[in-house]
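# Based on what follows, work out the 3D shape:
(one chain, ligands or ions: 1)
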Amino acid sequence: MSEKKISILYLDDEEHNLTSFKAAFRRDYNVFITTNAGDAVQILSENEIHVVISDQKMPNLSGVEFFELIIPDFPDPVRMLLTGYADIEAVIDAINKGQVYRYIPKPWNEQELKITIENAYELYESKMALRRKNEELQKAYAELEKFVYSASHDLRAPLVSVMGVLKLARAESIDGKAGEYFGMIEQTVTKLDVFVQNIINYYQNNKQGELLSEVDFDILVDEIFEYYKYFDGAENVDFQKTVEQSGPVLLDELRVKMILNNLVSNSIKYQDSSKGQPYVNVNVITAADKTTITVEDNGVGIAREDQKKVFEMFYRSAENQLGNGLGLYIVKEAVEKLGAELQVDSEKGNGSRFVVSIPHKL
Ligand code: ADP
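Take a look at the predicted model:
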């Protein structure tokens, strides 16, 4: 039996039932009794009631109807119905609908009823414990996300200044070993910056609601190409673009950019130098109901058995030293948020094609 005194509310139109209930249980429990449904609601709003017992057959409303009335405002107390066998169908229906935990046949037996009340209270306690745990979990999750987001924001500022200084150093045309070392530092810092940006993207994709704006794919793809042209390894890549867009299209540009950025940067990273001219080809077709984006390359390709795994968080192929395993995870998450479809067509040694179909909102 639990330490805390159980509080019970009992509603019945027959006064003598109430008095005998109170006489039997008042030593063990806090017992509230009433013949009036309005007073019962009042008691519920003023006390932490754990168990509510109601007679089923009452002149103005039935026990099941009383429970229906209180569930929206007082969903937590465990509800039990006192009933004669004549009303059994209504009771079974109420149990099935989750309105009633258990029914107590009349006339009740004191010992049995006591056990039923104790069980009901245990159910109440475990429901409350589960709720508390859920709340704690949600709070911890929100704090963790906030921490990761602000930490990554704070990390970006010094990274950006280091990259700026490195650009200046390069402009001084430092030769020899020093030049080589600066190049290596720049490469590592850029990789770190991409990682930090990915974490920020992950957070934004989770938190930010949909923000529709008119997207001009000619401009958007050019901007992305312009950005990646200066990436390590991009100097050999042929950037190809075809856009068939007949008019304005409203899309969630932030997520479309996340998808394009990650797919294009992967095509650069996973180029196959043995094949001659590496390329990344972005093709966009906007129809009335959807936009289809295809990003294709002639890079190293992805083995069939890895094609599902590449979308997992932090997955990267064994030979890959370039990435952090977040890019395609973010693509998948953004695709889900857009209600889009994603298809991969790739073969080891034969390049990759990613197709994203984004439905238009009306
Ligand atoms: P990473 O930061 O490692 O690039 P991604 O989630 O973007 O992380 O990609 C996961 C893995 O999928 C990569 O490590 C790579 O092996 C493979 N991959 C992704 N895109 C391509 C591509 N265009 N060509 C070949 N392999 C790719």
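# can you list contacts of stretch 59-66?
Identification of contacts with stretch 59-66 by C-beta atoms under 8 Å, 6 or more residues apart in numbering yields 11, 13, 37, 40, 54-58, 69, 81-83, 87, 90-91, 93-94, 99-100. Every residue, glycine included, has its C-beta placed from N, CA and C.
# Quick check: mean pLDDT of it?
Regarding stretch 59-66, the rounded mean pLDDT is 92.
# Wait, a helix at Tyr124?
Yes: counting by DSSP: H, G, I helix; E, B strand; the rest coil, Tyr124 is part of a helix.
# Would you enumerate the residues in contact with it?
50-51, 76-78.
# Which among the contacts of stretch 59-66 count as buried?
Buried residues within the contacts of stretch 59-66, counting neighbours by 16 or more other C-beta atoms under 10 Å: 11, 37, 40, 54-58, 81-83, 87, 90-91, 94, 99-100.
# Return the subset of the residues you listed lying in helices.
Of the buried ones among the contacts of stretch 59-66, the ones assigned to helices by DSSP state H are 37, 40, 90-91, 94.
# Serialize the residues you listed to JSON lines and add fields for pLDDT.
Converted to JSON lines, these look like this (pLDDT from 0 to 100):
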{"residue": "Ala37", "pLDDT": "96"}
{"residue": "Ala40", "pLDDT": "97"}
{"residue": "Ala90", "pLDDT": "78"}
{"residue": "Val91", "pLDDT": "81"}
{"residue": "Ala94", "pLDDT": "82"}
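# Out of those residues, which comes closest to the ligand?
Set against the ligand, the nearest of these by C-beta to the nearest ligand atom is Ala94 (51.5 Å).
# how about the nearest residue to the one residue in the stretch 201-350 of the chain that gets nearest to the ligand, chain neighbours excluded?
Of all residues in the stretch 201-350 of the chain, Gly323 sits closest to the ligand, at 2.1 Å by C-beta to the nearest ligand atom. Nearest residue to Gly323, sequence neighbours excluded (C-beta to C-beta, 6 or more residues apart in numbering): Arg316, at 5.1 Å.
# That neighbour: what's it in contact with?
Contacts were defined as C-beta under 8 Å, 6+ apart; by that measure Arg316 touches 323-325.
# Highest neighbour count among the residues you listed?
Most neighbours among the contacts of Arg316, by other C-beta atoms under 10 Å: Gly323, with 21 neighbours.
# Would you mark the buried spots in the helix or strand containing Leu260?
Assigned by DSSP states H and E, Leu260 falls within helix 253-269. Neighbour counts over helix 253-269 (16+ other C-beta under 10 Å) mark 254-269 as buried.
# Stretch 72-85 now?
For stretch 72-85, by 16+ other C-beta under 10 Å, it's 74, 77-83.
# What is the nearest of the residues you listed to Tyr228?
Using C-beta to C-beta, Phe74 is the member of the buried residues of stretch 72-85 that lies nearest Tyr228, at 58.5 Å.
# mind checking how far the closest one is from Leu44?
Separation of Phe74 from Leu44 (C-beta to C-beta, to the nearest Å) stands at 5 Å.
# Same question for Thr34.
Taken as C-beta to C-beta, the span from Thr34 to Leu44 is 10 Å.
# Could you name every residue contacting both of these two?
Common neighbours of Thr34 and Leu44 (C-beta under 8 Å, 6+ apart) are Leu9.
# which regions of this structure lie under the pLDDT threshold?
1-3, 85-86, 318-322, 362 (pLDDT under 70).
# can we see that at 50?
By pLDDT under 50, the low-scoring segments of the chain are 1-2.
# so where does the residue positioned nearest the centre of the chain fall, helix or strand?
Centroid check for the chain by C-alpha atoms, centre = their mean gives Asn206 as the closest residue, at 6.8 Å. Counting by DSSP H and E, the element that carries Asn206 is helix 176-207.
# how about that helix, does it get close to the ligand?
No: Helix 176-207 does not reach the ligand (C-beta under 6 Å from any ligand atom); its nearest approach is 7.5 Å.
# Likewise for stretch 290-308?
Yes: among the residues of stretch 290-308, 297, 299-302 lie within reach of the ligand under C-beta under 6 Å from any ligand atom.
# Need those residues in CSV (columns: secondary structure).
Formatted as CSV, these follow (three-state DSSP):
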residue, secondary structure
Asp297, strand
Gly299, coil
Val300, coil
Gly301, coil
Ile302, coil
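# in the stretch 201-350 of the chain, which spans are helices?
Ranges of helices in the stretch 201-350 of the chain, per DSSP state H, counting those that start in this stretch, are 217-228, 253-269, 327-338.
# list the buried ones in the first one?
This means helix 217-228. By 16+ other C-beta under 10 Å, the buried positions in helix 217-228 come out as 217, 220-221, 224-225, 228.
# Please apply the same query to stretch 144-160.
Across stretch 144-160, burial judged by 16+ other C-beta under 10 Å covers 149, 152, 155-156, 159.
# Narrow these to those in helices?
Judged by DSSP H, the subset of those located in helices is 149, 152, 155-156, 159.
# Out of those residues, the closest to the ligand would be?
Among those, and counting by C-beta to the nearest ligand atom, the member closest to the ligand is Ser152, at 15.5 Å.
# any idea how far the helix or strand where Lys146 lies is from the chain center?
Using DSSP H and E, Lys146 maps to helix 110-171. Distance, stretch centre to chain centre, for helix 110-171: 12 Å (C-alpha atoms, centre = their mean, to the nearest Å).
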